[in-house]
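Asker: Attaching a predicted model along with its sequence, questions to come.
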Amino acid sequence: MFEDLKKNLENSYAPYSNFNVSSCLVTKDNNKYFGVNVENASYGGTICAERVAITKAISEGESKGNFKELHVLGTTKSMPCFICRQTFAEFFDQDVMIYIHYSNGEYTKYRMNDLCPHPFSLGD
Ligand SMILES: [Zn+2]
């Protein structure tokens, strides 16, 4: 996974921050959807790598609740922002694992409910 994330990192479009991020969302049946951050001169138009991967998966017909892992690799350690965490809350079950990879190949993993313990979700 690390090598695939690293290769995908080259697709990141980050001319403003120079902070490149690559992600990969893996479904329970092992389909993989890669994403990168895509920045915009109008900063609000920027989208994070995590949300690109999720929107790709949903737009290609994957179902909410069919995800098992999300992997993230940034130029430096990159924890998901809270807009992304809100998107996780929309589509991920509480047992989805989120792997934060580092440039040396190591990673830290978190359960969805560690990153989003009290989500605002459909029931709210
Ligand atoms: Zn984000």
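Answerer: Yes, it's here. Small disclaimer: the values here were computed from a predicted structure and weren't measured. Residues are numbered from 1 along each chain as shown.
Asker: so what pLDDT did residue 120 get?
Answerer: Looking at residue 120, its pLDDT is 86.
Asker: what's the neighbour count on it?
Answerer: 10 (other C-beta atoms under 10 Å). Heads up, the C-betas are built off the backbone N, CA and C, glycines and all.
Asker: wait, it sits on residue 89?
Answerer: Yes. Judged on C-beta atoms under 8 Å, residue 120 makes contact with residue 89 at a distance of 6.6 Å.
Asker: Check whether residue 117 sits in a helix, strand or coil.
Answerer: coil (DSSP: H, G, I helix; E, B strand; the rest coil).
Asker: That one and the ion: what is the separation?
Answerer: Going from residue 117 to the ion by C-beta to the ion, to the nearest Å gives 18 Å.
Asker: got a pLDDT number for that residue?
Answerer: 88.
Asker: So, low pLDDT: which residues of the chain?
Answerer: Along the chain, segments meeting pLDDT under 70 are nowhere present.
Asker: Get me the contact residues on it for the ion.
Answerer: For the chain, the residues in contact with the ion (C-beta under 5 Å from the ion) are 48, 81, 84.
Asker: Can you show me the helices along this protein?
Answerer: Secondary structure of the chain (DSSP state H): helices located at 2-9, 49-59, 82-91, 112-115.
Asker: Count residues in the vicinity of the closest residue to residue 38 other than its chain neighbours, would you?
Answerer: Excluding the flanking residues, the one nearest residue 38 by C-beta to C-beta, 6 or more residues apart in numbering is residue 13, at 4.8 Å. Residues contacting residue 13 under the criterion other C-beta under 10 Å number 13.
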